[in-house]
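K.L.:
what's the 3D shape of this:
(one chain, ligands or ions: 2)
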Amino acid sequence: MTSTLITVAPTGAETAKGDAPALPVTLAELVATARDCAAVGAAVVHVHVRDDGGEPTLELSRLRDTVQALREETALIVQLSTGGAVGDSEDDRLRALDAGPDAASCSMGTVNFGADVFVNRWDFIVELHQRMQERQIVPEYEIFDLGHLWTLHRLLDAHGAPYGGHVHCDLVLGVPGGMPGTTAALVAAVAMLPAGATYSATGVGRATLPVALAALSAGGHLRVGMEDTLSYAPGEAVQSNAQLVARASALARIALRPPMGVEEARRMLAVQPAVADRLPASANEAVSVAAGSGA
Ligand code: KMH
Ligand code: ZN
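P.N.:
Ligands and ions are numbered 1, 2, ... in the order given. Have a look, this model is predicted:
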């Protein structure tokens, strides 16, 4: 392995703009952030969308506009979140796939999320996996705990390979309720990956740097961004997503695994060029209805 895939998760759904003024919440802010992050080494953008009040939303027309704008303004692989915000309904989360992203997250199980619970039932996981197979959307399997990797094995055994045939996971460490942000937890998770899978690692909060360093040493890829951490160093707020991506790129270069270009990332992840015009007719109808009703 010679290079490092860097994914930026610029916004998330759990932080209020008022608590982090640098958080990109408008479409213009998101596109500008994505461009800045691409310039310093990101190849994938993991997207959560906000409404006019800065609140998380899964409104289809907004998701679609966001995918289109990111495609027009950047070359990044556009990965929409199907995790949404804690408490979002399954129907709303499934609807993200109707926006025709290149890729989408697919969480592999329920996890305590601080004081909340991020619910991912088995039947819902199967529905996400199968819809992505049908719509030619590449999943990224979100792993918050070791049991989620066992679920991933069950899923692949029972319902087959994802669209594109390649399995890529994001190991998320340091969520209060999930795996701790330690090298030992990362190594345990890597040992349970399906054969041939690749992975990125995400350290939440103060786990950002230990997890990034452990992942680089273990051959993994990186996800960073203000979805996962708002502090650059103790007592120092993150100034921008690009600051986090630039640091990840610098670490990757030190490890002699420089940032991966977008074309190489598309090949590794088996992401095709834009899938919008390969969506099933029903998805496009849903979009026109939503657009026509001003939704
Ligand atoms: N907002 C978290 C509860 C994903 O994007 O797929 C879930 C999340 C995972 O962010
Ligand atoms: Zn997310």
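K.L.:
ligand 2 contacts on this protein?
P.N.:
81, 83 (C-beta under 5 Å from the ion). In short, each C-beta sits where N, CA and C put it, glycine included.
K.L.:
can you check the pLDDT for the residue in the stretch 51-200 of the chain positioned nearest to ligand 2?
P.N.:
Residue nearest to ligand 2 within the stretch 51-200 of the chain: residue 81 (4.1 Å; C-beta to the ion). In this prediction, residue 81 carries a pLDDT score of 98.
K.L.:
contacting residues around the residue in the stretch 1-150 of the chain positioned nearest to ligand 1?
P.N.:
Closest contact between the stretch 1-150 of the chain and ligand 1, by C-beta to the nearest ligand atom, is at residue 83 (2.4 Å). By C-beta atoms under 8 Å, 6 or more residues apart in numbering, the contact list for residue 83 reads 13, 93, 105, 107, 118, 142.
K.L.:
thought the fourth one was touching residue 119?
P.N.:
No - at 9.3 Å, residue 107 and residue 119 do not qualify as touching, with contact defined as C-beta atoms under 8 Å.
K.L.:
looking at these two, which is more packed in?
P.N.:
Each of residue 107 and residue 119 has its neighbours counted (other C-beta atoms under 10 Å); residue 107 has more, 26 against 15.
K.L.:
ramachandran angles for residue 269?
P.N.:
Dihedral pair for residue 269: phi -90, psi -10, per degrees, to the nearest 10.
K.L.:
now do the strands in the stretch 151-295 of the chain.
P.N.:
Here the stretch 151-295 of the chain has its strands, by DSSP state E, counting those that start in this stretch, at 168-173, 198-203, 221-224, 231-233, 236-237.
K.L.:
just name the most buried of those strands.
P.N.:
strand 221-224 (a mean of 31; mean count of other C-beta atoms under 10 Å).
K.L.:
that one close to ligand 1?
P.N.:
No - judged by C-beta under 6 Å from any ligand atom, strand 221-224 and ligand 1 are separated, with a smallest distance of 10.5 Å.
K.L.:
can you list the strands that that strand pairs with?
P.N.:
According to DSSP bridges, strand 221-224 forms sheet pairs with strand 6-8 (parallel), strand 198-203 (parallel).
K.L.:
mean pLDDT added to these, as TSV?
P.N.:
As requested, the strands paired with strand 221-224 are exported to TSV (pLDDT from 0 to 100):
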stretch	mean pLDDT
strand 6-8	99
strand 198-203	98
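K.L.:
can I get those strands in JSON lines with distance to ligand 1?
P.N.:
Listed next are the strands paired with strand 221-224 as JSON lines, based on distance: least, C-beta to the nearest ligand atom, whole Å:
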{"stretch": "strand 6-8", "distance to ligand 1": "11"}
{"stretch": "strand 198-203", "distance to ligand 1": "10"}
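K.L.:
export these to JSON lines and tack on distance to residue 238?
P.N.:
Output for these, formatted as JSON lines (distance: least, C-beta to C-beta, whole Å):
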{"stretch": "strand 6-8", "distance to residue 238": "12"}
{"stretch": "strand 198-203", "distance to residue 238": "14"}
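K.L.:
nearest residue to residue 127 other than its sequence neighbours?
P.N.:
residue 94 (6.5 Å; C-beta to C-beta, 6 or more residues apart in numbering).
K.L.:
can I get the strands of the stretch 151-295 of the chain in TSV with distance to residue 34?
P.N.:
Output for the strands of the stretch 151-295 of the chain, formatted as TSV (distance: least, C-beta to C-beta, whole Å):
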stretch	distance to residue 34
strand 168-173	18
strand 198-203	17
strand 221-224	14
strand 231-233	20
strand 236-237	21
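K.L.:
number of nearby residues for the closest residue to residue 261 other than its chain neighbours?
P.N.:
With C-beta to C-beta, 6+ apart as the measure, residue 43 is the residue that lies nearest to residue 261, at 6.6 Å, once sequence neighbours are left out. Neighbourhood size, residue 43 [other C-beta under 10 Å]: 27.
K.L.:
who touches residue 43 in this structure?
P.N.:
Contact partners of residue 43, counting by C-beta under 8 Å, 6+ apart, are 5, 6, 7, 76, 77, 259, 260, 261, 262, 264, 265.
K.L.:
residues in a beta bridge with residue 57, which ones?
P.N.:
residue 49.
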